[in-house]
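S.K.: sequence first, predicted coordinates after that:
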Amino acid sequence: MPVREHSDAKSVPWRSSPAVFEQIVARHGVTADTCTVEAAWAAFEEFVQVPVEGIAGQEDDGDGFIVEWGVWDWNGDRPALSLGRLLAVDEHGDRSDPYWQPEYWKVELQVFFANDSPWAGPLADGGGDSGFDFAAIGTPRADALAATRRFIDQEPLLGVMWRSAPTGAEVTLDRAG
């Protein structure tokens with residue numbers, strides 16, 4: 001399946017990126033109460049192609065994405081699939097300071113599943129992630145997304161999650177540690 005590149009080259013301020021993601025998510029039929037993982041992935045593919053202002057450049061890994069799965073205490077110990085975009089915000093601090101670092105923020109769509117899912121136990125015993133990818137927006141990012149999707153398709157637990165019915169979804173913006 002081809003990965004969609006974002007056709008509108010207009011960039012958005014990083015603080016507005018969760019609202020833009022929510023709009024994209026809604027357009028794909030993902031709501032707080034109903035969604036499919038396929039629809040969530042389609043929204044994610046589109047969102048990570050939207051240029052974002054106020055972040056470090058590509059040469060400094062200013063914009064990347066990651067797919068994570070697990071059971072985490074910050075989401076109420078619910079089994080979840082996280083589709084996240086990491087942004088290195090460079091608008092704070094003294095850039096002339098040799099120890100200056102950007103602030104890292106994560107915009108993510110968490111797709112939740114029932115605690116009694118047959119695979120929830122193994123998920124609680126250890127989740128995982130795809131690793132960060134910092135490919136440039138456009139064809140390089142589309143190729144990276146396609147590779148990530150192939151990785152997901154080869155992971156048995158993720159395959160089961162992908163075919164399962166989520167119980168909810170939520171877009172968040174949090175400072176990454």
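M.R.: Now that the structure is in, tell me what you want to look at. Since the structure is predicted, the reported quantities are computational estimates derived from the model, not experimental observations.

S.K.: what's stretch 130-142 in contact with?
M.R.: With Cβ atoms under 8 Å, 6 or more residues apart in numbering as the test, stretch 130-142 has contacts from 2-6, 45, 48-51, 58, 61-68, 86, 143-144, 147-148, 151-152. In short, each C-beta sits where N, CA and C put it, glycine included.

S.K.: so in the chain, which helix runs the longest?
M.R.: As assigned by DSSP state H, the longest helix anywhere in the chain is helix 139-154.

S.K.: elements contacting whichever helix or strand comes after that one?
M.R.: Counting by DSSP states H and E, the next helix or strand C-terminal to helix 139-154 is helix 156-163. If you count contacts as 3 or more Cβ pairs under 8 Å, 6 or more residues apart in numbering; DSSP states H and E, helix 156-163 packs onto helix 37-47, strand 63-72, strand 78-89, helix 120-124, helix 139-154.

S.K.: may I see the buried residues of helix 156-163?
M.R.: 158, 161, 162 (16 or more other Cβ atoms under 10 Å).

S.K.: a markdown table for those residues, including distance to residue 111 and pLDDT?
M.R.: What follows is the buried residues of helix 156-163, written out as a markdown table (distance: Cβ to Cβ, whole Å; pLDDT from 0 to 100):
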| residue | distance to residue 111 | pLDDT |
| --- | --- | --- |
| 158 | 12 | 87 |
| 161 | 8 | 87 |
| 162 | 10 | 89 |
